[in-house]
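**Student:** Give me a model of this one.
(chains A and B)
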Amino acid sequence: MLRITLNRAVSAAVLIIIASIFSFVIIAAFPGNVAALIAEMRGGFVSQEVVDRVAVEYRLNDPLVLRYFHWLGDVMQGDLGSSLRTGESVSTALAQRLQPTLVLVLGGSLVTLIVGTSLGLAGAMWPNGLIDRTIRAFAVFNVSMPKFFLAAMLIYVFGVQMQLLPTFGFRGPASWILPCIAVGAVPGALLSRLMRVGLEETMSRPFIITAKSKGFGRRRILFRDALPNIVPVFLTTFGMNIAFITQSSLIIEPIFSWNGVGAYFVEAARFRDLPVLQSCLLMFSILFILVNLAVDLIVMMADPLQRRAKRI
Amino acid sequence: MTTFSRRSLLAGSAALGATLGLNLSTLPALAEDGSMTLRLPLIRASGNLDPQRYVGIFAVQDMVFDPLVHYGPGGQIEPGLAETWEVAPDDTGITFHLRPGVTFTDGEVWDATSMVWNLERWLPKEDYRWMQIANNYKDIEVIDPMTVALHFTKPTPTALTELSYVRPVRFLSPKAVDAEGIYSAPVGTGPWMVEKDGPAGTDLVPNPGYWGTRPAIDRVSLVVIPDGLSRISSIMSGEIDAAGGKFIAPVSPQDATTLKANGVTVVTETGTDTMILGFNPRNDLFRDAHMREAFNLLIDREGIARVVMKGYAKATMNLYPEVIAHAGTRFDVPARDVERAKALLEEAGWIGEGTRSKDGKPLNVELVISEDAVPGSRALGEVLQAGFLEAGIGLKLRNVDHAARHGDIPQFKYDLSLFVTNGAPYDPYNTIGLMFLSTIAPGTDGKIYEDTALDPLILAALAASEADRPAAFQAVFDWLHANWAIAPLFHGDRIWAHGDRIKSFAIPATEYEMPLKSLSL
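**Tutor:** Numbers count the residues shown, from 1 in each chain, chains lettered A, B, ... in the order given. Next up, the predicted model:
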């Protein structure tokens, strides 16, 4: 188990290095005059001479490879640089904005888990009945709906019409409900379908027929025999959905005016704030890799077949 | 192994419900806050408020830092930290008599020393040469502790207007910097003080020692709401009191229509800027006046104002709206005339069915649009595209972001582009000086048009004495109009929307200030 864990950790480290290259190059290679933007923030209307001076000062004319290693060296020392736009330390700004994003990711994951398991199990419990069909329709409706539209609908119904929940801001548990539902409902609907179909398939396998022949009830078979069989697939998909939820912060945070990392990224993208964009992208990549690593290890622990296969 | 009994699950659920219920019960209080706190949205965080940096939100800087003189309605210059002033007859200097008894909110005294300390932070620097007072700066003379004279190398009639700008001219406490002279805190003499500031918003409270009329509000709470739709929802739910202002929390014409339909009060005023379709002056295609006239005649300005801008705009052929000083006489807005435009294109040698061509080259032009730099430009571009197509002109829209626009426009890498004039308090001087004069290198916003024949007229207008100014500006406008040099489209309205808590409301003189002077809750 330790060896497998170490192997996975090494793979994750390699992926992180590749992610760092992509994070830097994709952002730095965008067309457009970043020096002009920086110069403009210093003195309003600017001449080409001032723009050229800024480009030299920020090493924007250096070769991309040189800039990458310079940036990587700073990142390795914990220095993510300063925002080109505000001059504030990116590390400090990210630290300030981490809490809302963590709440969104954790809350959204919780919603995903609750929606996914409850609807999936209910559908499997009463297959092809009214409940199952209603849940299926709900899941399809949810999956088809863009997140921003769902967010807007939630704001309109619960914020504007019913005035029950806040429409914006990160200001306590009540304000967390709508954003977490907005990010968690769609992956939850997907998971519910996965669980429902997985359970249906498992329920037709020979060992289930044996259990039925022994006279065990449907509920007992579903929970004790069928459910453990789909846990590895469920967990893997759930892990991927955490990454999906993290990405969703880019859309949901600005809509609900949460000043998290997602909103920071979007704001930085508008102003081509390279250090902020590169740091956010690197952070999202690392988070994605680590979540996948954790899910892999959990699945391995939960699935005896996989554990045995790795040993071989 | 830990197990959960049904009872503990129920107890847990009840506790969770109670917690949420407790929080939900606070919502009506938030929506119907009876205090004298004004809640306004901001498109982004206030940021670094250093008056010499172009980073912070203008309107927040305006709340904290005072100017020597204020820009009043219609460009009227009003006293600020300078109580009175005398302008030299040849416009080469101004003597300011400073307002006595004024202190910064950290106790530092406002006098000649603090004024000179502030001016020396930016006035001699190259970064600010775009302002005539910086470009023509000669020296500062301290006459006595409350009298200071500014001297210029040549006549600078724009000086008072420029001294009313928000940045870089506002005054910071000399103590509000670190040992290296770098800005450390937002300390000014203005009516408001920053109490709390962060990425989620800024809270400001009245300055108890303010020299002018004290605000009638106990607190202004500025909340960052970057999304336009969220701002609409927040007004409708009563969580914020108002939204608007181009650089504060914009309300688009579509938003205004929605809000109005939902019973929210929408207040508008004629804008101080103009949306213009600019022809690349260095492109051979547009050196021919026939082409510029043809393109002008293919634009349905009234239709754009009515449909794209939902009626929140006035169609125009003028560079500046009437609210700008010396904006000149109003030119008639030509009706869309496709036949005349076709005839002009043919005179210029562009013939054929479908997309016209000349010497085998099709008449395809590119319009650079940028929603970041010019909001609404995509919709406008699409309307123009349809209009030009009717006369056999292929218009391709190239959508770029802010940074890409700032790279392409100054380098004239476009055929057509949308420009917005600078508006109050910068105009009438700023736009014609920086975006038309060919002797000044293009800045990040580029040139709307340039021609060596136009330069002397602009220079004459910028240097004209007060008596000669209207005629000198009119000469510039007449030249632009006679040569179809630009295609002005409309003057967009300034839009604000507010909820029922606000009893009186008036849109301020510029887009760079909050509507606080006449506001009451």
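**Student:** what stretches of the chain score poorly on pLDDT?
**Tutor:** Just so you know, I chose chain A. A:1, A:31-32, A:41-46, A:304-312 (pLDDT under 70).
**Student:** that answer is for a different chain, and I need it for chain B
**Tutor:** Using pLDDT under 70, chain B drops low at B:1-35.
**Student:** Name the residues of the stretch 201-312 of chain A found near chain B, please.
**Tutor:** A:254-257, A:259, A:263-264, A:266-267, A:269-272 (CB under 8 Å from any CB of the partner chain). Any C-beta I mention is one placed from the backbone N, CA and C, and that applies to glycine too.
**Student:** Recalculate using a threshold of 6 Å.
**Tutor:** Residues of the stretch 201-312 of chain A lying close to chain B (CB under 6 Å from any CB of the partner chain) are A:254, A:255, A:257, A:259, A:270, A:272.
**Student:** count of residues packed around residue B:481?
**Tutor:** 18 (other CB atoms under 10 Å in any protein chain shown).
**Student:** what does residue A:55 give?
**Tutor:** 18.
**Student:** got it, and residue B:242?
**Tutor:** 27.
**Student:** Now the spatially closest residue to it that is not a sequence neighbour: phi and psi?
**Tutor:** The spatial neighbour of residue B:242 that comes closest, neighbours along the chain excluded (CB to CB, 6 or more residues apart in numbering or on different chains), is residue B:498 at 3.7 Å. The phi/psi pair for residue B:498 (degrees, to the nearest 10) reads phi -140, psi 160.
**Student:** thought residue B:498 was touching residue B:265?
**Tutor:** Yes: counting by CB atoms under 6 Å, residue B:498 touches residue B:265, with 5.4 Å between them.
**Student:** if you count what's nearby, which of these two comes out ahead?
**Tutor:** Between residue B:498 and residue B:265, counting by other CB under 10 Å, residue B:498 is the more crowded of the two (23 against 15).
**Student:** Report the contact partners of that one.
**Tutor:** By CB atoms under 6 Å, 6 or more residues apart in numbering or on different chains, the contact set of residue B:498 is B:242, B:265, B:505.
**Student:** Sort out for me which of those are in strands.
**Tutor:** Of these, the ones assigned to strands by DSSP state E are B:242, B:265.
**Student:** out of the contacts of residue B:498, who's nearest residue B:463?
**Tutor:** residue B:505 (39.7 Å; CB to CB).
**Student:** which residues sit in contact with that closest one?
**Tutor:** Contacts of residue B:505 by CB under 6 Å, 6+ apart are B:267, B:498, B:519.
**Student:** how about the residues of the stretch 151-300 of chain B that lie near chain A?
**Tutor:** So the stretch 151-300 of chain B meets chain A at B:199-200, B:224-227, B:229-230, B:233-234, B:236-237, B:239 (CB under 6 Å from any CB).
**Student:** The closest residue to residue A:117 other than its chain neighbours: neighbour count?
**Tutor:** Of all residues not flanking residue A:117 in the chain, residue A:195 sits nearest, at 6.6 Å (CB to CB, 6+ apart). A count of neighbours around residue A:195, defined by other CB under 10 Å, yields 25.
**Student:** I'd guess residue A:195 is in a strand, am I close?
**Tutor:** No: looking at residue A:195 with DSSP: H, G, I helix; E, B strand; the rest coil, it is helix, so not inside a strand.
**Student:** quick one: it and chain B, what's the gap?
**Tutor:** For residue A:195, the distance to chain B under the criterion CB to the nearest CB, to the nearest Å works out to 21 Å.
**Student:** Hmm, residue A:122 and that residue touching each other?
**Tutor:** No: with contact defined as CB under 6 Å, residue A:195 does not count as touching residue A:122 (9.9 Å).
**Student:** just the strands in chain A please.
**Tutor:** Counting by DSSP E, chain A contains no strands.
**Student:** which residue is nearest the middle of it?
**Tutor:** residue A:246 (2.0 Å; CA atoms, centre = their mean).
**Student:** what sits against that residue?
**Tutor:** Residue A:246 touches A:105, A:287, counting by CB under 6 Å, 6+ apart.
**Student:** Among the residues of the stretch 151-300 of chain B next to chain A, name the ones in helices.
**Tutor:** Of those, the ones assigned to helices by DSSP state H are B:229, B:230, B:233, B:234, B:236.
**Student:** what about stretch B:251-266, how long is it end to end?
**Tutor:** 10 Å (CA to CA, to the nearest Å).
**Student:** Give me the contact list for it.
**Tutor:** Looking at what lies outside stretch B:251-266 - CB under 6 Å, 6+ apart - the contacts are B:228, B:232, B:235, B:236, B:243, B:244, B:309, B:310, B:312, B:495, B:497, B:498.
**Student:** biggest separation within those residues, which pair?
**Tutor:** Going by CB to CB, the pair spanning those furthest: B:236 and B:309, at 22.2 Å.
**Student:** what does chain B have sitting close to chain A?
**Tutor:** B:23-24, B:31, B:47-48, B:54-55, B:127-128, B:130, B:199-200, B:224-227, B:229-230, B:233-234, B:236-237, B:239, B:372, B:403-404, B:406-407, B:434, B:441, B:443-444.
**Student:** Quick one, which of the residues you listed are buried?
**Tutor:** The neighbour-count criterion (16 or more other CB atoms under 10 Å in any protein chain shown) marks B:23, B:31, B:47-48, B:54-55, B:127-128, B:130, B:199-200, B:224-227, B:229-230, B:233-234, B:236-237, B:239, B:372, B:403-404, B:406-407, B:434, B:443-444 among these as buried.
**Student:** Against residue A:270, how distant is the closest residue to chain A within the stretch 251-400 of chain B?
**Tutor:** Nearest residue of the stretch 251-400 of chain B to chain A (CB to the nearest CB) works out as residue B:372 at 5.7 Å. For residue B:372, the distance to residue A:270 (CB to CB, to the nearest Å) stands at 6 Å.
**Student:** what about the residue in the stretch 51-200 of chain A that chain B sits nearest to, how many neighbours?
**Tutor:** In the stretch 51-200 of chain A, no residue comes nearer to chain B than residue A:174, which is 3.6 Å away by CB to the nearest CB. Residue A:174: 20 surrounding residues under other CB under 10 Å.
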